[in-house]
Each structure stands twice: as C-alpha cells, then as structure tokens.
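> Turn this into a model:
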Amino acid sequence: MSERKKPETVVEPERYEFSEQPLHHFELGRRDFVKLVGGGVAVIALVPRSLAQESGRRFFRFEEKLPENIGAWLHIGENGAVTVYTGKAEMGQNIRTSLTQAVAQELHVKVASIRMVMGDTRLTPFDMGTFGSRTTPTMNKRLRRVAAAAHDLLIQLAAKRWNVAPSELVAADGRIRERNGSRTVAYAALAKGQTLAKAIVENDPLTPASEWTVDGTSVPKINGPEFVTGGHRFPSDISRPGMLFGKIVRPAAFGAKLVSVNDSKARAMPGVVVVHDGDFVGVAAPSEFEAARAARAIRAKWKADHQISSAELFEYLKTHAKSSDRGDYEEGSMKDGLASAAYRSHATYDISYIQHAPLEPRAAVAEWENGKLTVWTGTQRPFGVQEQLEAAFHLSKENCRVIVPDTGGAYGGKHTGEVAIEAARLARATGKPVKRIWSREEEFTWAYFRPAGVIEIRSGVSADGLLTAWEFHNYNSGAAAIRTPYFVPNQHIQFHPVDAPLRQGSYRALAATANHFARVSHMDDLANQVKM
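Sure, this is the predicted structure:
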C-alpha cells in the first residue's frame, strides 16, 4: 500500500468586495485642479520596498506606489508630541490603543504623549484595508520598527551633540540621557529643524518581550472617557457648517432602470435641492425630516427584470453557474473511487444570504471646496473608497480625501463607498456639505450580503471507514477553504461563480465558513453510516 501523504492546505482569498460594481454611475466632466501642498516632517526613515505594507497585494487593483519613507509614519513635534500615521481604521477592536502602546514601547515615551492619526488618505500611508485580523501581526510590528528607527536616530544625534559613543546613552520618557546622568536632552530639541533619515532593516532588533514595560501591559483605552460619556464622534455624528441632509429615492429592485420621474412637489419645498443624474435620484434639505419628506414626494417609475425569490434562489444559482478554474482540484478517478466504496452519500447544502447589520449604519459627510472633495465616512478601506470616489467624479488622487473617524463595527460590511458617493453627489449639486446616513431598511436591502450558495457533495467510504471518493461543488458562495484536509485518493473539487441576484461581499471568512460547514456536516453523516 502506498504511503499516505498529508493533503496540501490551500487558502484561496476572497475577492467579492474588490470586484463588486458600484451602485451609481455619473457622467461628469473632468476639471483641472491644483495639487495639494504637503507639509514638512521632522523624522524620515527609508523603508525598503520588500517591507512596505502587507502581503497579498497582487490580488487587488491598487496601482499606487507604496511609501518608501517613514515621513509618512512618524513625526516628533517641537513640543515633544509624537504623531504616528497608519492607514488602519479603528472599528471597535481597540487598535488605536494597542498600536500606540507599540510605538511608546520602542520610542520610550509615554502613551499619553502619542497622537495616532488613522485612516486619512491625505495624511496616512497607503493601506489595503482593515480586515483579516492583520493589524496586530503586521501593522503593530511595522510601527514598532518605525519607532525603533526613530529612537536610534535620536540616540545618534545626541551622541554627536555631546561627542560621546551611542552606547553611553539611554532613552526614557521622551529624553536621551547619559548613563552617568550628567546630561539630558529632550527628543523635541534634537528633532527641531532636522530632516533625519535611516533605513529600516527587517532584522533590526526590537525590545524583547521579556523587557517590555508598555507592550503587554494594561493601559487605559485611548479616548475611553469620550466613548462612555458620549463625547466621541462617529461618522454619523460628524457635522460641518451649513450642512444639509440627504436622502436617496431607491428603485423597486436591483438593476432597475428609471423610466420617468416627477419631482415637482419636492422641488417646491423650501430649502430642498433635487438631484437627478441618470438613474440616481436624491434630495438634500436643511434637516433629515425635511429630506425624508421630500424624497417621499418624488414619484419615480422603474423598469426591472424578474426578481429572484427566496424559493427560487438556490435553483437559480445552480442553473446560472459560469465556468471558472478558481478552487478546481482533481486527483485519481471519481468513478473508481465510488465503485470501490462500501458506503456512498450524496447531499446538498444550501447557504443563505446574510446581512451584516452593522452596529453603525453606513454614514458619510461630503464637502467640496475649490474643486476638491473631502469625505468623512466609516469604512474599512479608506483608500479603496477614495479610488471609487475618484472614478465616480473623475478626480485626481490629490483632490480626493477620505477621512475615517473611529467607526461602528461592521463584520466585514464596510469595504465599499456607496454612501460616500451619494453624499458627494448631493454635496456637489448643492454647493454645501451633505450628510447621508443609511436607514436600517437600506442596510438590509442595498448593502452587500454574504454570498448565498449551493454546495453539493458526493462521497464514498470503504468498509473499514476510509474515504475512497470526494466530489465537492460550490455554486457562488466562494472558493476559500474549498479543498478537503482529509486524505482521499479520488477527488473532484470545483467552484462555480454565478452572476448573483443580490450584491455580495465579505462576511467573516466568507466562503470558508460555508465550505467548512458543508464538509464537516457531510463527514458527520458518513461517520454515522459506518458507525464510527
């Protein structure tokens, strides 16, 4: 009997949230804008491209070059305040605190002296997004290296100032001192007027865990009192001078085309602006109540194709499958494997659509000034939303800024920027800032869903309980974790993509959970058959 080898584990990343088409398309002319003027930095350290940001970039559409200097990461002010920049978003996981601790540890400053700027496309370095639990293993380590590089530079500056060896100096509480205690100098004094550069090397030593005094300890949550007293401002709380409130007139179904619209009653309401651009119909008004009333007054007729019902869904997914080689795997002969089986099983597992129901519904405030767009919104991918806004309004990157205030959790549901686009379109028409907050009804109908799916499994087991055949077909829900971890000599595994009837995207490991559910359920059934 041939030696059984351990099956290869293949992880297929999900990409629904990066391929989902936007809700709105606008025909807008291009304009010429002046470039943003950048400010100076106090500390710069070069970052080798091989270390720049997270792995897996090849799967995504971003074409922007990654930052190669630490000027985008850390700044020491003349008052000794340390400002750190990261493209990550705080969505309830408390990474603002943990990342601050990492910098405080390596830079030898107090946690309270650090200000963490997060998710601002004009100020922070590029980041693919906040997903996949990658912040702690990647960004935490990155910022520790950034802080360690800045610490080394400051030590070298002090050594040069005093004409002593760097080994004679130590850092603590934002100051460099000689080991004999004769002289001290503040970081701010050393950094003043300087442009400092140092390469970050992958094997630069970091403080070992055994010597941590900040990392690995419990510190108060950054901005914690603001959260418990109601002082914190989520995206839905953002307010701008002269701000209006927006509402959208939704079609009757996904993919519906606007046939006609009568907005005369809404246009007659005081302070109301109606925007009609292709299939986009929206209003802006001085209050949310007035905006809702104006939207209800608009009479729109839509033409929509037949909508798939829940009863038809799974049959639709089976009959509308397309060809794809994603997740495909074949080994041995299914015919032989089934023929040699003492027990056979065939089962179908239906995977329903699931809505994210985020703690904070989608919200955005958009503001245009001199042709430049700024949007405050809750998203896990500020640079992705920036890219969507650029495409929707024909903007250059320099004239489109996305800022992410600390945001309510979304369980993978805030990758896309539809609410930001809606707010920006209304703001452009009115010439004033506009706030858009999705209702719960909109969240449950127009946001993207965890993909529904059909999973079919056909299998065979020998009399002694060994798997002889394994055929696995996933329709629509995704290819992640589609391969079985069990040894089976005869396999056929395939993912079948479908033009789905609803918008679909990330949801907590997406297809991995569906494929695992079906696989483990089927294994339980097989075990029951062979009394194991």
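> Convert the C-alpha atoms of the longest helix seen in the chain to CSV, please.
Counting by DSSP state H, the longest helix found in the chain is helix 141-162. Taking Å, rounded to 0.1, in the frame of the first residue of the first chain, the C-alpha atoms of helix 141-162 are listed here in CSV:
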residue,chain,number,x,y,z
LYS,A,141,5.3,45.2,14.0
ARG,A,142,5.7,47.8,11.3
LEU,A,143,5.1,50.7,13.8
ARG,A,144,7.5,49.1,16.3
ARG,A,145,10.2,49.1,13.7
VAL,A,146,9.4,52.7,12.7
ALA,A,147,9.6,53.8,16.4
ALA,A,148,12.8,51.8,16.9
ALA,A,149,14.4,53.5,13.9
ALA,A,150,13.4,57.0,15.2
HIS,A,151,14.8,56.0,18.6
ASP,A,152,18.2,55.0,17.1
LEU,A,153,18.3,58.3,15.1
LEU,A,154,17.8,60.4,18.3
ILE,A,155,20.4,58.4,20.1
GLN,A,156,22.9,59.2,17.3
LEU,A,157,22.0,62.9,17.3
ALA,A,158,22.6,63.2,21.0
ALA,A,159,25.9,61.3,20.7
LYS,A,160,27.0,63.6,18.0
ARG,A,161,26.0,66.7,20.1
TRP,A,162,27.9,65.6,23.1
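> Buried residues, it. List them.
142-159 (16 or more other CB atoms under 10 Å). From N, CA and C alone the C-beta is placed, and that goes for glycine too.
> list the helices and strands that helix packs on?
Using 3 or more CB pairs under 8 Å, 6 or more residues apart in numbering; DSSP states H and E, the elements in contact with helix 141-162 are strand 74-76, strand 82-86, helix 95-107, strand 169-172, strand 175-178, helix 187-191.
> and the next element down the chain from the last one?
This means helix 187-191. With elements assigned by DSSP states H and E, the helix or strand that comes after helix 187-191 is helix 224-229.
> chain center to that following helix, what's the gap?
Here helix 224-229 is found 25 Å from its chain centre; the criterion is CA atoms, centre = their mean, to the nearest Å.
> what sits up against stretch 77-84?
For stretch 77-84, contacts defined as CB atoms under 8 Å, 6 or more residues apart in numbering pick out 42, 73-76, 99-100, 103, 107, 109, 113-117, 143, 146-147, 174, 186-188, 191-192.
> Could I have the PyMOL command that selects the buried members from those?
Selection of buried members from these for PyMOL, criterion 16+ other CB under 10 Å:
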select buried, resi 42+73+74+75+76+99+100+103+107+109+113+114+116+143+146+147+174+186+187+188+191
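> need the strands for the stretch 201-350 of the chain, in chain order.
244-248, 257-262, 273-277, 280-285, 299-303, 329-331, 343-351 (DSSP state E, counting those that start in this stretch).
> Any stretches of the stretch 201-350 of the chain with poor pLDDT?
Scanning the stretch 201-350 of the chain with the threshold set as pLDDT under 70 gives 201-203, 325-327.
> and Q355, what does it touch?
Going by CB under 8 Å, 6+ apart, the list of residues near Q355 reads 443-444, 447, 449-450.
> Now restrict those to buried residues only.
Buried, going by 16+ other CB under 10 Å: 443, 447, 449-450, out of the contacts of Q355.
> Which of the three states applies to the residue positioned nearest the centre of the chain?
Residue closest to the average C-alpha location in the chain (CA atoms, centre = their mean): Q380, at 3.1 Å. Following DSSP: H, G, I helix; E, B strand; the rest coil, we place Q380 in the coil state.
> Contacts only, for N262.
Applying CB under 8 Å, 6+ apart, the residues contacting N262 are 298-300.
> State the number of residues packed around the closest residue to T135 other than its chain neighbours.
Among residues not flanking T135 along the chain, I95 sits closest, at 4.9 Å (CB to CB, 6 or more residues apart in numbering). Residue crowding around I95 was assessed by other CB atoms under 10 Å; the count is 23.
> give the contact list for I95.
I95 neighbours (CB under 8 Å, 6+ apart): 88, 130, 135-136, 139.
> how much space between the residue sitting furthest away from the middle of the chain and E168?
Going by CA atoms, centre = their mean, the residue of the chain most distant from its centre is S182, 49.6 Å out. According to CB to CB, to the nearest Å, S182 stands 10 Å off from E168.
> go on, A102?
Distance, A102 to E168, using CB to CB: 27 Å.
> the more surrounded of the two?
A102 (27 against 14).
> coming back round to it: tell me the buried residues within the contacts of N262.
For those, a burial check counting by 16+ other CB under 10 Å picks out 298, 300.
> Could you dump the contacts of N262 into JSON lines with distance to E398 added?
Output for the contacts of N262, formatted as JSON lines (distance: CB to CB, whole Å):
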{"residue": "I298", "distance to E398": "36"}
{"residue": "R299", "distance to E398": "41"}
{"residue": "A300", "distance to E398": "37"}
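> Now flag whichever of the contacts of N262 is closest to N163.
Each of those was checked against N163 using CB to CB; the closest is I298, at 76.3 Å.
> Is it correct that that closest one is in contact with V274?
Yes - between I298 and V274 there is a contact under CB atoms under 8 Å: 7.3 Å.
> so what's in contact with these two at the same time?
Shared contacts of I298 and V274, counting by CB under 8 Å, 6+ apart, come down to 263, 266, 281, 283.
> What's the local residue count around the closest residue to the last one other than its chain neighbours?
It stands for V283. Using CB to CB, 6+ apart and skipping residues adjacent in sequence, the residue nearest V283 is A294, 4.3 Å away. Here the number of neighbours of A294 (other CB under 10 Å) works out to 25.
> show me what contacts A294?
247, 266, 269, 272, 274, 283, 285.
> For this protein, give me the ranges with low pLDDT.
Within the chain, the segments meeting pLDDT under 70 span 1-72, 195-203, 325-327, 509.
> Can I get the host helix or strand of A514 in CSV, CA atoms only?
Secondary structure from DSSP H and E places A514 in helix 511-529. C-alpha atoms of helix 511-529 as CSV (Å, rounded to 0.1, in the frame of the first residue of the first chain):
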residue,chain,number,x,y,z
ALA,A,511,-16.9,31.0,1.8
ALA,A,512,-14.5,29.4,4.3
THR,A,513,-17.3,29.1,6.8
ALA,A,514,-19.8,27.7,4.2
ASN,A,515,-17.4,25.2,2.8
HIS,A,516,-16.3,24.0,6.2
PHE,A,517,-19.9,23.8,7.4
ALA,A,518,-20.9,21.6,4.4
ARG,A,519,-17.7,19.5,4.6
VAL,A,520,-18.0,18.8,8.4
SER,A,521,-21.7,18.1,8.2
HIS,A,522,-21.1,15.6,5.4
MET,A,523,-18.3,13.9,7.4
ASP,A,524,-20.6,13.5,10.3
ASP,A,525,-23.2,11.8,8.1
LEU,A,526,-20.5,9.5,6.7
ALA,A,527,-19.3,8.6,10.2
ASN,A,528,-22.9,7.8,11.2
GLN,A,529,-23.3,5.5,8.2
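> If you count neighbours, what's buried in it?
Buried residues in helix 511-529 (16+ other CB under 10 Å): 511-515, 518-519, 522-523, 526.
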